[in-house]
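# below: sequence and its predicted model.
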Amino acid sequence: MALLTLKSIRLAFGMAELLDGVDLSLEPGERVCIAGRNGEGKSTLLKILAGRVQPDSGEITRRDGLVTAFLSQELPEDVHGSIFDVVAEGLGESGLLLERFHHLSLAASAGDPEALVAMGRVQAELDAIDGWSLQNRVEATLSRFELPADQPFAELSGGLRRRVWLARELVREPDLLLLDEPTNHLDIAAIGWLENLLAGASMTVVFITHDRSFMERLATRILELDRGRLHEHPPSLDAFRQRQAERLETEARQHAEFDRKLAREETWIRQGIKARRTRNEGRVRALEQLRRQRAARRERQGQVRLALSPEQRSGKRVIEAEQASFGYPGRTVVRALDLLLQRGDRLGIIGPNGAGKTTLLRGLIGELPPLSGKVTQGTQLEIAYFDQTRAQLDERATVQDAVGEGRDRVTVNGNTRHVLSYLEDFLFPPARSRQPVSALSGGERNRLLLAKLFLRPANLLILDEPTNDLDVETLELLETLLIEYTGTIIVVSHDRAFLDNVVTSSLVLDGRGGAEEFVGGWSDLPERVTAPLLQTGIDAMEQPATGPSPEKAAASPPPKPAPAVPAPPAGRKLSYRDARELELLPGRIEALEARREALAAELSDPDLFHGPTDRLSELQQELEATEAGLAEAYRRWEFLESASE
């Protein structure tokens, strides 16, 4: 039996029909991804499923006793108390009683006699409602989510706050979990943790995401919301794109045939006096019906058109850091970094939240002086900076003024255009362009910041979390633009697919002040690097990466390589870390094999031997390292597999 069914749901805001006869049935245990462009109404559909928004018409049927949990994009601002308090409040009145008992027990353990007396009264109330089983549920949830009960909620990072809020919803043991952009502002470790949690859950999950890796890992089906209608697709991004293209192509042919028929009838009705005397009244009524149908047609919103203004070439050396440490007085977040960035490089910066990625960006471009060491910038640098906080946008300004800065015309690729015409390339119609920035959604603000950024001629792009809130189509267009860009790029992102598609090298921050550079994107990183990133716990995410002082760091010898993690003895249950490693190894082996084949194919190209010898040497060294990594991965997999059996 379906948990929840929508039938002929309609909802309009103003003149726009956001949902136009939506039908949906949710079965137990499935994981449904709602896809679609920004502004199509995905979040509104989720709120209807949660019962927070009522449709204008249609029928909603819920199974008796259905428990629904909902994690929205934006968390409430005025949340107080400890993590225990916030999670327990998910149980309603019973949770408030548990919260009170928890604080009284802490006070009593500190020697407060009045708290001990009050505990007795609260304990009697809990006994009456079987509150102890609820307390066990709260404590089990905190343990499962690796959350310290007594840490104040206000001190947590954005990513950890979302984890606490998810625990608050799941402590109710819901049948249906609704997630609106759950991966936004999460680092790779938290995203991987959430993937594992949802993949092993028995509840029904409906989620909105633009993280393609997250979507493909979890979805059992994809529902695309397009112009008020839902279209079902298989749980594969490639199949989704193919079926979407086929549907749009069929729709375009039908519209073209309809328009030709309408044009013929319009020509007929406008013929001379003789034709009007003999015209068929039924044909006239049919023409009027055609006109109504054409007026009611909802055209698909065009694609974003992205283009970077031509830039002056920078010098060959763009940025060089020599034993540079970055941070603030009393707190070093990146220590003794050596980095050489040359023209045309695309560097991805990866690391847990709080590791200092944004601080490092500011240090490399000269906004923040290094605590020690040296940073040298190359010649003729023109920098364009995409700020993840969107601080460059004035909330009070209109969209038009935010880009045009008071001018009606802007220069794009050497051509002068009206600012409203330019904004239409970023899917802002004239009416939307005259609204204030404060009225925009997260995805629209990101598009607006890209529009503002791309007006500036630049040969160094600094992109700090550019993928947040962008729909998949805009994200892929941005990827294509960056791949074709001839300048230099530094990008911070937790989107693994985006990193794989865009960057040529990765700088990995470990959250403790260390940094190590690798060739390629996320999939090219060695297992010894990805495993700690995927297993980063609360301590690494929340504690400042102070590390030793720059002087001690310079004087100390280089750290020895970390010893390999020993496998568990046979006959014993695998630890969480070993079990997680065993789960990840097949994907790592597959990536290494694919890389080995790609390198072998490149080495077999006869043209390679006529080019620079440095390239040939690099490929041979990379092939040797890949084969060594593959052999080690196979050895480790066989060992853990036998231990698990």
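All right, it came through fine.
# next secondary structure after the lowest-mean-pLDDT helix or strand in the chain?
When each helix and strand of the chain is scored by mean pLDDT, DSSP states H and E, helix 550-555 comes last, with a mean of 35. Following helix 550-555 in sequence order, the next helix or strand is helix 576-603 (DSSP states H and E).
# residues in contact with Leu440?
399, 448 (Cβ atoms under 8 Å, 6 or more residues apart in numbering). All C-beta spots, glycine's among them, are computed from the backbone N, C-alpha and C.
# and Leu166, how many residues sit next to it?
22 (other Cβ atoms under 10 Å).
# what strand or helix carries it?
Residue-wise, Leu166 maps onto helix 158-170 under DSSP H and E.
# next, the buried residues of that helix.
Of the residues in helix 158-170, 159-170 count as buried by neighbour count, 16 or more other Cβ atoms under 10 Å.
# all strands of the stretch 301-450 of the chain, in order?
Along the stretch 301-450 of the chain, the stretches classed as strands by DSSP state E, counting those that start in this stretch are 317-328, 331-342, 346-350, 372-377, 383-386, 409-412, 415-418.
# let me have the ones you listed in CSV, extended by mean neighbour count and mean pLDDT.
Converted to CSV, the strands of the stretch 301-450 of the chain look like this (neighbours: other Cβ atoms under 10 Å; pLDDT from 0 to 100):
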stretch, mean neighbour count, mean pLDDT
strand 317-328, 20, 90
strand 331-342, 21, 90
strand 346-350, 23, 92
strand 372-377, 16, 92
strand 383-386, 19, 80
strand 409-412, 16, 80
strand 415-418, 11, 82
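# closest one to Glu581 among the ones you listed?
strand 346-350 (19.0 Å; Cβ to Cβ).
# same question for the helix holding Leu166, mean pLDDT?
The average pLDDT within helix 158-170 is 82.
# next structured bit after that helix?
Taking DSSP H and E, what comes next after helix 158-170 is strand 176-180.
# circling back: so which of the strands of the stretch 301-450 of the chain comes closest to Met119?
That would be strand 331-342 among the strands of the stretch 301-450 of the chain, by Cβ to Cβ, at 40.5 Å.
# which strands and helices sit next to that closest one?
If contacts are counted by 3 or more Cβ pairs under 8 Å, 6 or more residues apart in numbering; DSSP states H and E, strand 331-342 sits against strand 317-328, helix 357-364, strand 372-377, strand 488-492, strand 515-519, helix 550-555.
# for the ones you listed, which one sits closest to Pro28?
Per Cβ to Cβ, nearest to Pro28 of the helices and strands packed on strand 331-342: strand 488-492, 39.3 Å.
# strands paired with the closest one, and their directions?
strand 346-350 (parallel), strand 460-464 (parallel) (DSSP bridges).
# what about that strand, average pLDDT?
91.
# with distance to Leu584 as extra columns, can I get the strands of the stretch 301-450 of the chain in JSON lines?
Formatted as JSON lines, the strands of the stretch 301-450 of the chain follow (distance: least, Cβ to Cβ, whole Å):
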{"stretch": "strand 317-328", "distance to Leu584": "31"}
{"stretch": "strand 331-342", "distance to Leu584": "27"}
{"stretch": "strand 346-350", "distance to Leu584": "16"}
{"stretch": "strand 372-377", "distance to Leu584": "35"}
{"stretch": "strand 383-386", "distance to Leu584": "31"}
{"stretch": "strand 409-412", "distance to Leu584": "45"}
{"stretch": "strand 415-418", "distance to Leu584": "49"}
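# so which of those comes closest to Val53?
strand 383-386 (32.6 Å).
# just to revisit the earlier point, would you list the strands paired with strand 488-492 in TSV and tack on distance to Asp495?
TSV is the format used below for the strands paired with strand 488-492 (distance: least, Cβ to Cβ, whole Å):
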stretch	distance to Asp495
strand 346-350	10
strand 460-464	11
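# okay, helices next: where are they in the stretch 1-150 of the chain?
42-50, 83-88, 93-109, 113-128, 131-144 (DSSP state H, counting those that start in this stretch).
# got it, and the stretch 351-500 of the chain?
For the stretch 351-500 of the chain, applying DSSP H, counting those that start in this stretch gives helices covering 357-364, 399-404, 419-424, 430-433, 442-453, 472-484, 496-502.
# can I assume Pro182 sits in a strand?
No. Assignment of Pro182 by DSSP: H, G, I helix; E, B strand; the rest coil gives coil, placing it outside any strand.
# mind listing what it touches?
71, 162, 166, 194, 207, 209.
# considering the residues you listed, which is situated nearest to Gly111?
The closest of the contacts of Pro182 to Gly111 turns out to be Leu166 (Cβ to Cβ; 35.7 Å).
# do you know how far the nearest residue to the closest one once chain neighbours are set aside is from Arg121?
Excluding its sequence neighbours, the residue lying closest to Leu166 (Cβ to Cβ, 6 or more residues apart in numbering) is Leu71, at 5.5 Å. Counting by Cβ to Cβ, to the nearest Å, the gap from Leu71 to Arg121 is 35 Å.
# the two - which one has more neighbours?
Leu71 (20 against 12).
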